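Visitor: Build the 3D model from these lines:
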Amino acid sequence: MYRYRNFWLVIIILLLAFSIWVDSVKSIQITNPFSNQLMINRNTDISLGLDLKGGLQALLQADVANCGSVDPKELDVTRQILTNRVNAYGVSEVTMQVAGNCRIVAEFPGVNNPEQIIAALQQTGLLEFVDMGNNPVAANTIIQTDYNQSAAASGAANSSPSATATPAATAQPSATATATPTIYHTVLTGADLDASAIGVQLSSVGRYEINFTLKSGAAQKFSDFTGSHVNQYLAIVLDKKVISVPSINQQIPNGQGVIQLGNSTPDDANNLANILRYGSLPVPVKVVESQTVGPTLGAESVRKSLLAGAIGLAVVILFMGLYYRLPGILADVALVTYTLISLMLFKIIPIFLTLPGIAGFILSIGMAVDANVLIFERLKEELRSGRTLRQAIDLGWSRAWPSIRDSNSSTLITCLILYVFGNTFGASMVKGFSINLALGVVVSLFTAIIVTRTYLHLVLDNLKLDEHPNWFGL
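Guide: You can find the predicted model right below:
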């Protein structure tokens, strides 16, 4: 007997109700009942990919004097870092491909903030901790440091500058045109960061900060430097522009620190956190061309794809009802449940639906039925051997489970291989197909093992098999 039938029935009802609600609305807005303050404002409209909706297309070029000097491996690392940065803004199904010796072609589906995306692409993201001595400069000042940025483009960004190499400049640059510009000493770089996260300054409402942790080797350098420079200034510099100039009040031995951002917006704080999280670019790039592009397939392709999915779903429902009779009808109800839950996940995550992604979802419908077919065949075998209906249901599930587990595990492994392949070679549509198929397999396992079984026990526990053998195809 299915012991936790009532428990799972409550879970299924709640999940189904939530899925129907999400599937029927285009946005979710939840306010605080005590203050009427908007707590959640989430757009749940279905996100379509570049081939179905259009988006932003940009051509990036290495910002170097000679394109022939660009290392192809470093350019590919640059592509991966840029992809991670843009994905952090919620733009999925990004396509970035290396073109030639020093160019990257980038496509972003459904982009609503192209200016922010382009700004994130063009930032080199070189973070430096710069010794200012006793003479700090103002925030937003452009300075020069002794850290060779061209060396960073050739791989030097992975090594920390020495904390004792060059003393910091102790005087402000002269205002005269003939004065030599002040060169400040870089203590550490962003390559020494181990983790970073956005925080809110408790002492100031509306001000943001970045909490960071240094790697073990850099933490010791940071500890030595802060211990010998108490009451002096250490500037936080991004791409040679000063972000903030905090004072060193005491030695910092644990490698943890805070970058206070002043009057920055949440978008500015998120942008900086993303840059620090994914590192600086080995090859600096600039946007040489950008344009908004329309869908390559259009609304007609979307309509035909949805029609094909509806026809496939209807055929599967008809087959299950005619061949497996009453269990098949209950499986059809579970299949509708599966469709509603999958659509809810597509909208909540969200997942960008491209044409290959829709194909993966339609294919997963067949995977959902496959488990039910195995279970129902074992159910009929148990009934023929004289088992009661309750016993046949439980034995059918338990004996079909190894086959279901192995077949779906192999599909998930294939999805993982496709995802790694798409991520490595920038084939985002392959990634989308693998994600949609894997998500469909996981949901189909839930509906086949839990939902269909619960429905069967709910309807058939009090039914006498001897009175209605035809209802089970016997």
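Visitor: For the rest of this, base every contact and every neighbour count on C-alpha atoms.
Guide: OK.
Visitor: Which parts of the stretch 201-350 of the chain are strands?
Guide: 208-214, 233-238, 241-244, 256-260, 285-293 (DSSP state E, counting those that start in this stretch).
Visitor: What's the mean pLDDT across the last one?
Guide: For strand 285-293, mean pLDDT is 83.
Visitor: Make sure residue 377 is indeed in a helix.
Guide: Yes: applying DSSP: H, G, I helix; E, B strand; the rest coil, one finds residue 377 inside a helix.
Visitor: what's the burial count for the residue nearest to it when sequence neighbours are not counted?
Guide: With sequence-adjacent residues excluded and distances taken as Cα to Cα, 6 or more residues apart in numbering, residue 377 is closest to residue 396, at 7.9 Å. Residue 396 is flanked by 21 other residues according to other Cα atoms under 10 Å.
Visitor: related to what we said a few turns ago, quick check: which of the strands of the stretch 201-350 of the chain is nearest to residue 60?
Guide: Residue 60 lies closest to strand 285-293 among the strands of the stretch 201-350 of the chain, at 4.6 Å (Cα to Cα).
Visitor: for the closest one, packing partners?
Guide: If you count contacts as 3 or more Cα pairs under 8 Å, 6 or more residues apart in numbering; DSSP states H and E, strand 285-293 packs onto strand 55-62, helix 114-122.
Visitor: So which of these is nearest residue 231?
Guide: Nearest to residue 231, of all these, is helix 114-122, at 34.4 Å by Cα to Cα.
Visitor: ok, and what's touching the closest one?
Guide: The contact list for helix 114-122, computed with Cα atoms under 8 Å, 6 or more residues apart in numbering, reads 56, 82, 85-86, 271, 284-287.
Visitor: chain center to the longest helix seen in the chain, what's the gap?
Guide: Counting by DSSP state H, the longest helix found in the chain is helix 299-348. Relative to its chain's centre, helix 299-348 lies at 27 Å (Cα atoms, centre = their mean, to the nearest Å).
Visitor: which parts of the helix or strand encompassing the residue nearest to residue 377 are buried?
Guide: Following DSSP states H and E, the helix or strand that holds residue 396 is helix 389-425. Within helix 389-425, the residues scored as buried using 16 or more other Cα atoms under 10 Å are 389-397, 400-401, 404, 408, 411-412, 415-416, 418-420, 422-423.
Visitor: so what does that helix touch, helix or strand wise?
Guide: helix 355-384, helix 428-446, helix 452-460.
Visitor: of all those, which lies closest to residue 22?
Guide: Taking Cα to Cα, helix 428-446 is the member of the helices and strands packed on helix 389-425 nearest to residue 22, at 16.6 Å.
Visitor: doesn't residue 28 fall inside a helix?
Guide: No: going by three-state DSSP, the assignment for residue 28 is strand, not a helix.
Visitor: Report the beta-bridge partner residues of it.
Guide: residue 42 (DSSP bridges).
Visitor: so it sits right up against residue 45, yeah?
Guide: No: using Cα atoms under 8 Å, residue 28 is not in contact with residue 45, being 9.8 Å away.
Visitor: Would you state the strands of the stretch 1-150 of the chain in chain order?
Guide: Assigned by DSSP E, counting those that start in this stretch, the stretch 1-150 of the chain shows strands spanning 27-31, 38-43, 55-62, 95-99, 103-109, 127-133, 144-145.
Visitor: just the ones you listed: most buried one?
Guide: Counting by mean count of other Cα atoms under 10 Å, strand 127-133 has the highest mean neighbour count of the strands of the stretch 1-150 of the chain, with a mean of 24.
Visitor: Okay, angle between that strand and strand 233-238 too, please.
Guide: With axes from the mean of the first three to the mean of the last three Cα atoms, to 10 degrees defining the directions, strand 127-133 sits at 150 degrees from strand 233-238.
Visitor: List the contacts of strand 127-133.
Guide: Contact partners of strand 127-133, identified using Cα under 8 Å, 6+ apart, comprise 145, 168-170, 184-190, 229, 232-239, 276, 280.
Visitor: Spell out which residues sit in contact with the nearest residue to residue 251 once chain neighbours are set aside, please.
Guide: Leaving out its chain neighbours, the residue that sits closest to residue 251 by Cα to Cα, 6+ apart is residue 227, at 4.3 Å. Shown in contact with residue 227 (Cα under 8 Å, 6+ apart): 250-252.
Visitor: of those residues, buried ones?
Guide: Buried among the contacts of residue 227 (16+ other Cα under 10 Å): 251-252.
Visitor: any idea which of the contacts of residue 227 is the one closest to residue 434?
Guide: Distances from residue 434 to the contacts of residue 227, taken by Cα to Cα, are shortest for residue 252, at 45.7 Å.
Visitor: Pull the contacting residues for the closest one.
Guide: Residue 252 touches 222-223, 226-227, counting by Cα under 8 Å, 6+ apart.
Visitor: now residue 353
Guide: Shown in contact with residue 353 (Cα under 8 Å, 6+ apart): 46-49, 432.
Visitor: give me that answer again for 6 Å
Guide: Applying Cα atoms under 6 Å, 6 or more residues apart in numbering to residue 353 gives the contacts 48-49.
Visitor: separation between it and residue 433?
Guide: 9 Å (Cα to Cα, to the nearest Å).
Visitor: Which residues are in contact with residue 287?
Guide: So residue 287 contacts 59-60 (Cα under 6 Å, 6+ apart).
Visitor: Run through the bridge partners of it.
Guide: With DSSP bridges as the rule, residue 287 is bridged to residue 60.
Visitor: what's the distance between it and residue 181?
Guide: Taking Cα to Cα, one finds residue 287 at 29 Å from residue 181.
Visitor: still on that earlier bit, farthest-apart pair in the contacts of helix 114-122, please.
Guide: 56 and 284 (20.6 Å).
Visitor: hmm, back to that, pull out the buried members of the contacts of strand 127-133.
Guide: Buried subset of the contacts of strand 127-133 (neighbour count, 16+ other Cα under 10 Å): 145, 168-169, 184-190, 229, 232-239, 276, 280.
Visitor: Can you give me the separation between the closest residue to residue 256 other than its chain neighbours and residue 336?
Guide: Setting aside the residues directly before and after it, residue 256 is nearest to residue 213 in space (Cα to Cα, 6+ apart), at 4.5 Å. In this structure, residue 213 and residue 336 are 48 Å apart, going by Cα to Cα.
Visitor: out of the two, which sits in the more crowded spot?
Guide: Between residue 213 and residue 336, residue 213 has the larger neighbour count (other Cα under 10 Å), namely 18 against 15.
Visitor: correct me, but that one touches residue 253?
Guide: No: counting by Cα atoms under 6 Å, residue 213 sits too far from residue 253 to count as a contact (11.4 Å).
Visitor: and residue 44, how many neighbours?
Guide: Number of residues near residue 44 (other Cα under 10 Å) recorded here: 20.
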